[in-house]
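*Asks:* this one's structure only:
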């Protein structure tokens, strides 16, 4: 009986809860973790400072140097595509090119991002009061440049209330 309670406790603690909302990966696969990969990159998503900035950990799974093209990177809402800014962006320069960041083989890159519009209006990525009505989707369209060719990896999380 104790083993069953221990397993149940581990499963319950696997779910991530931020600002009163439970979070789970819904694209490319459904998972209670906030991690997904496509064989080229592995993406871990975190919200350690609350529901404003998405903290990304992007791991290069290949033997090649790859780049993330931040000027083509989009955050996706239910029916919207939004340009991003970084947590250290000076808003006077928010429209300047962001460039590309290389990631060496089998290493990780860390960035905290937010849709540019959310900064201007102080909008959170998700809120409990809206997630009570229906789950809130936050997606990421990540442009990956490998050997001069750009491909896109799309993943999305969902904030919901039980």
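*Replies:* Received, thanks. As the structure is a computational prediction, the values presented were derived from the model and not from experiment. Residues are numbered from 1 along each chain as shown.
*Asks:* Can you point out the buried residues in stretch 34-43?
*Replies:* Within stretch 34-43, the residues scored as buried using 16 or more other Cβ atoms under 10 Å are 34, 36-38, 40-43. The C-beta positions use only the backbone N, C-alpha and C, and glycine is treated the same way.
*Asks:* Show me what it is in contact with.
*Replies:* 16, 23-25, 27-29, 44-46, 56-62, 66, 140, 142, 144, 146, 151, 153, 155, 157 (Cβ atoms under 8 Å, 6 or more residues apart in numbering).
*Asks:* so residue 92 sits in a strand?
*Replies:* No. Per DSSP: H, G, I helix; E, B strand; the rest coil, residue 92 lies outside any strand segment and is helix.
*Asks:* so how many other residues sit close to it?
*Replies:* Using other Cβ atoms under 10 Å, residue 92 has 7 neighbouring residues.
*Asks:* Go through the contacts of stretch 34-43 and flag which are in strands.
*Replies:* Using DSSP state E, the subset of the contacts of stretch 34-43 located in strands is 16, 23-25, 27, 44-46, 56-60, 66, 140, 142, 144, 146, 151, 153, 155, 157.
*Asks:* Now, of those, which are buried?
*Replies:* 16, 23-25, 44-46, 56, 58-60, 66, 140, 142, 144, 153, 155, 157.
*Asks:* and the gap between the residue nearest in space to the middle of the chain and residue 160?
*Replies:* Centrality entry for the chain: nearest residue to the mean C-alpha point is residue 45, 4.3 Å, by Cα atoms, centre = their mean. According to Cβ to Cβ, to the nearest Å, residue 45 and residue 160 sit 15 Å apart.
*Asks:* same deal with residue 23?
*Replies:* Distance from residue 23 to residue 160, by Cβ to Cβ: 8 Å.
*Asks:* wait, isn't the residue nearest to the centre of the chain in contact with residue 58?
*Replies:* No. The pair residue 45 / residue 58 is not scored as a contact, 9.9 Å apart, by Cβ atoms under 8 Å.
*Asks:* Secondary structure, pLDDT and distance to residue 120 for the buried residues of stretch 34-43 - can I get that in JSON lines?
*Replies:* Converted to JSON lines, the buried residues of stretch 34-43 look like this (DSSP: H, G, I helix; E, B strand; the rest coil; pLDDT from 0 to 100; distance: Cβ to Cβ, whole Å):
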{"residue": "34", "secondary structure": "coil", "pLDDT": "96", "distance to residue 120": "26"}
{"residue": "36", "secondary structure": "strand", "pLDDT": "97", "distance to residue 120": "29"}
{"residue": "37", "secondary structure": "strand", "pLDDT": "96", "distance to residue 120": "33"}
{"residue": "38", "secondary structure": "coil", "pLDDT": "97", "distance to residue 120": "32"}
{"residue": "40", "secondary structure": "coil", "pLDDT": "97", "distance to residue 120": "33"}
{"residue": "41", "secondary structure": "strand", "pLDDT": "98", "distance to residue 120": "29"}
{"residue": "42", "secondary structure": "strand", "pLDDT": "98", "distance to residue 120": "32"}
{"residue": "43", "secondary structure": "strand", "pLDDT": "98", "distance to residue 120": "26"}
